[in-house]
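Chemist: What follows is a predicted structure for the sequence shown.
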Amino acid sequence: MSQDSADLFEFYHSMYLSTMKARHGRLASPMSFREASLYFRHGWLIQVKRDGNWVSGVVCHPQEGKLVLRILGVREGDTDLTRQGAASTLYYAAIHWANQNGYEAVDFLRTPPLLRSGTFQHKRKWGATVRVPQDLHRCIWIG
(Lines give C-alpha, C1' and ligand atoms only; values in the text may rest on other atoms or scores of the structure.)
Protein backbone atom coordinates (compact mmCIF):
# COMPACT_ATOMS: atom_id res chain seq x y z
CA MET A 1 0.00 0.00 0.00
CA SER A 2 1.27 3.43 -0.87
CA GLN A 3 0.44 7.03 -0.08
CA ASP A 4 3.33 8.35 -2.17
CA SER A 5 2.20 10.86 -4.83
CA ALA A 6 4.99 9.68 -7.18
CA ASP A 7 3.43 6.21 -7.11
CA LEU A 8 0.04 7.72 -7.96
CA PHE A 9 1.57 9.56 -10.93
CA GLU A 10 3.21 6.38 -12.25
CA PHE A 11 0.06 4.33 -11.69
CA TYR A 12 -2.20 6.85 -13.40
CA HIS A 13 -0.02 7.24 -16.50
CA SER A 14 1.40 3.73 -16.97
CA MET A 15 -1.47 1.60 -15.69
CA TYR A 16 -4.84 3.30 -15.38
CA LEU A 17 -4.90 5.26 -18.66
CA SER A 18 -3.51 2.35 -20.68
CA THR A 19 -6.00 -0.07 -19.10
CA MET A 20 -8.90 2.27 -19.94
CA LYS A 21 -7.68 2.53 -23.54
CA ALA A 22 -7.19 -1.25 -23.84
CA ARG A 23 -10.67 -1.98 -22.47
CA HIS A 24 -12.70 0.79 -24.08
CA GLY A 25 -10.71 2.11 -27.05
CA ARG A 26 -12.07 5.37 -28.43
CA LEU A 27 -15.01 5.20 -26.03
CA ALA A 28 -12.73 5.42 -22.98
CA SER A 29 -13.72 8.17 -20.58
CA PRO A 30 -10.96 8.13 -17.95
CA MET A 31 -11.08 10.00 -14.67
CA SER A 32 -8.83 13.06 -14.68
CA PHE A 33 -5.56 12.96 -12.78
CA ARG A 34 -6.85 15.82 -10.62
CA GLU A 35 -9.94 13.82 -9.57
CA ALA A 36 -7.86 10.67 -8.98
CA SER A 37 -5.56 12.75 -6.76
CA LEU A 38 -8.52 13.88 -4.65
CA TYR A 39 -9.57 10.29 -3.95
CA PHE A 40 -5.95 9.29 -3.34
CA ARG A 41 -5.51 12.11 -0.84
CA HIS A 42 -8.27 10.54 1.30
CA GLY A 43 -7.12 6.97 0.70
CA TRP A 44 -4.20 5.10 -0.79
CA LEU A 45 -2.96 2.96 -3.63
CA ILE A 46 -2.88 -0.81 -3.30
CA GLN A 47 -0.03 -2.20 -5.40
CA VAL A 48 0.52 -5.73 -6.67
CA LYS A 49 4.08 -6.72 -7.45
CA ARG A 50 5.38 -9.86 -9.13
CA ASP A 51 9.07 -10.72 -8.96
CA GLY A 52 9.68 -7.26 -7.51
CA ASN A 53 7.98 -5.48 -10.42
CA TRP A 54 4.81 -3.47 -9.97
CA VAL A 55 2.14 -4.99 -12.26
CA SER A 56 -1.19 -3.50 -11.12
CA GLY A 57 -2.80 -1.06 -8.74
CA VAL A 58 -6.07 0.35 -7.47
CA VAL A 59 -6.83 3.70 -5.86
CA CYS A 60 -9.20 3.17 -2.95
CA HIS A 61 -10.60 5.19 -0.08
CA PRO A 62 -12.92 4.72 2.90
CA GLN A 63 -16.50 5.97 2.71
CA GLU A 64 -19.30 5.34 5.21
CA GLY A 65 -17.83 2.10 6.60
CA LYS A 66 -16.93 0.75 3.14
CA LEU A 67 -13.70 0.55 1.21
CA VAL A 68 -14.37 2.05 -2.24
CA LEU A 69 -12.27 0.76 -5.14
CA ARG A 70 -12.16 3.86 -7.34
CA ILE A 71 -9.82 3.26 -10.31
CA LEU A 72 -7.83 0.19 -11.29
CA GLY A 73 -5.05 -0.43 -13.78
CA VAL A 74 -2.64 -3.06 -15.06
CA ARG A 75 0.84 -2.14 -16.33
CA GLU A 76 0.51 -0.86 -19.92
CA GLY A 77 -3.04 -2.29 -20.06
CA ASP A 78 -1.43 -5.70 -20.68
CA THR A 79 -4.22 -8.25 -21.19
CA ASP A 80 -1.77 -11.12 -20.50
CA LEU A 81 -1.11 -9.69 -17.03
CA THR A 82 -4.85 -9.43 -16.50
CA ARG A 83 -5.35 -13.07 -17.54
CA GLN A 84 -2.51 -14.05 -15.19
CA GLY A 85 -4.38 -12.49 -12.25
CA ALA A 86 -2.84 -9.02 -11.86
CA ALA A 87 -6.27 -7.39 -11.52
CA SER A 88 -7.93 -10.21 -9.58
CA THR A 89 -5.14 -10.09 -7.04
CA LEU A 90 -6.08 -6.44 -6.38
CA TYR A 91 -9.65 -7.43 -5.57
CA TYR A 92 -8.44 -10.20 -3.28
CA ALA A 93 -5.96 -7.91 -1.51
CA ALA A 94 -8.54 -5.13 -1.06
CA ILE A 95 -11.21 -7.49 0.29
CA HIS A 96 -8.72 -9.15 2.65
CA TRP A 97 -7.36 -5.81 3.89
CA ALA A 98 -10.86 -4.36 4.37
CA ASN A 99 -11.91 -7.44 6.33
CA GLN A 100 -8.85 -7.27 8.56
CA ASN A 101 -9.41 -3.56 9.23
CA GLY A 102 -13.08 -3.59 10.20
CA TYR A 103 -14.78 -2.40 7.00
CA GLU A 104 -18.30 -3.73 6.50
CA ALA A 105 -18.04 -3.95 2.71
CA VAL A 106 -15.94 -3.31 -0.37
CA ASP A 107 -17.65 -1.15 -2.99
CA PHE A 108 -16.80 -2.22 -6.56
CA LEU A 109 -18.69 0.82 -7.90
CA ARG A 110 -21.22 0.90 -10.69
CA THR A 111 -21.47 -1.08 -13.87
CA PRO A 112 -23.99 -0.87 -16.72
CA PRO A 113 -27.13 -2.95 -15.96
CA LEU A 114 -26.36 -5.55 -18.61
CA LEU A 115 -26.47 -9.07 -17.20
CA ARG A 116 -24.17 -10.45 -19.90
CA SER A 117 -21.61 -7.65 -19.49
CA GLY A 118 -18.12 -8.94 -18.69
CA THR A 119 -17.70 -6.25 -16.03
CA PHE A 120 -21.03 -7.15 -14.42
CA GLN A 121 -20.22 -10.88 -14.45
CA HIS A 122 -16.72 -10.29 -13.07
CA LYS A 123 -18.03 -8.26 -10.13
CA ARG A 124 -20.72 -10.87 -9.40
CA LYS A 125 -18.03 -13.59 -9.28
CA TRP A 126 -16.43 -11.62 -6.45
CA GLY A 127 -19.71 -11.63 -4.52
CA ALA A 128 -20.87 -8.12 -5.37
CA THR A 129 -24.60 -7.62 -4.88
CA VAL A 130 -26.89 -5.72 -7.21
CA ARG A 131 -28.67 -2.65 -5.91
CA VAL A 132 -30.12 0.55 -7.33
CA PRO A 133 -28.06 3.53 -6.14
CA GLN A 134 -30.04 6.04 -4.08
CA ASP A 135 -29.10 8.91 -6.38
CA LEU A 136 -30.80 7.38 -9.46
CA HIS A 137 -34.45 7.85 -10.30
CA ARG A 138 -36.46 4.67 -10.53
CA CYS A 139 -38.34 5.29 -13.75
CA ILE A 140 -37.99 4.50 -17.44
CA TRP A 141 -37.91 7.27 -20.00
CA ILE A 142 -39.49 6.43 -23.34
CA GLY A 143 -39.13 8.92 -26.16
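Modeler: On my side now, so go ahead.

Chemist: Now do the same for Q47: helix, strand or coil?
Modeler: Secondary structure for Q47, judged by DSSP: H, G, I helix; E, B strand; the rest coil, is strand.

Chemist: Now it: closest residue in space that isn't a chain neighbour?
Modeler: Closest residue to Q47 apart from its sequence neighbours, by C-beta to C-beta, 6 or more residues apart in numbering: G57 at 4.9 Å. Placement of C-beta: from N, CA and C, glycine included.

Chemist: List the contacts of the residue lying closest to Y39 once chain neighbours are set aside.
Modeler: Spatially, and ignoring its direct neighbours in sequence, Y39 is nearest to R70 (4.8 Å; C-beta to C-beta, 6+ apart). If a contact means C-beta atoms under 8 Å, 6 or more residues apart in numbering, then R70 has 31, 36, 39, 43, 58-61, 109 as its contacts.

Chemist: Nearest to R50 among those?
Modeler: The shortest approach to R50 among the contacts of R70 belongs to V58, at 15.5 Å (C-beta to C-beta).

Chemist: is it true that the closest one lies in a helix?
Modeler: No. Secondary structure of V58 (three-state DSSP): strand, not part of a helix.

Chemist: ranges for the helices of this structure?
Modeler: Taking DSSP state H, the helices of the chain run over residues 5-11, 17-24, 33-41, 79-83, 86-100, 118-125.

Chemist: Redo these as JSON lines? Include mean pLDDT.
Modeler: Formatted as JSON lines, the helices of the chain follow (pLDDT from 0 to 100):
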{"stretch": "helix 5-11", "mean pLDDT": "97"}
{"stretch": "helix 17-24", "mean pLDDT": "90"}
{"stretch": "helix 33-41", "mean pLDDT": "96"}
{"stretch": "helix 79-83", "mean pLDDT": "92"}
{"stretch": "helix 86-100", "mean pLDDT": "90"}
{"stretch": "helix 118-125", "mean pLDDT": "64"}
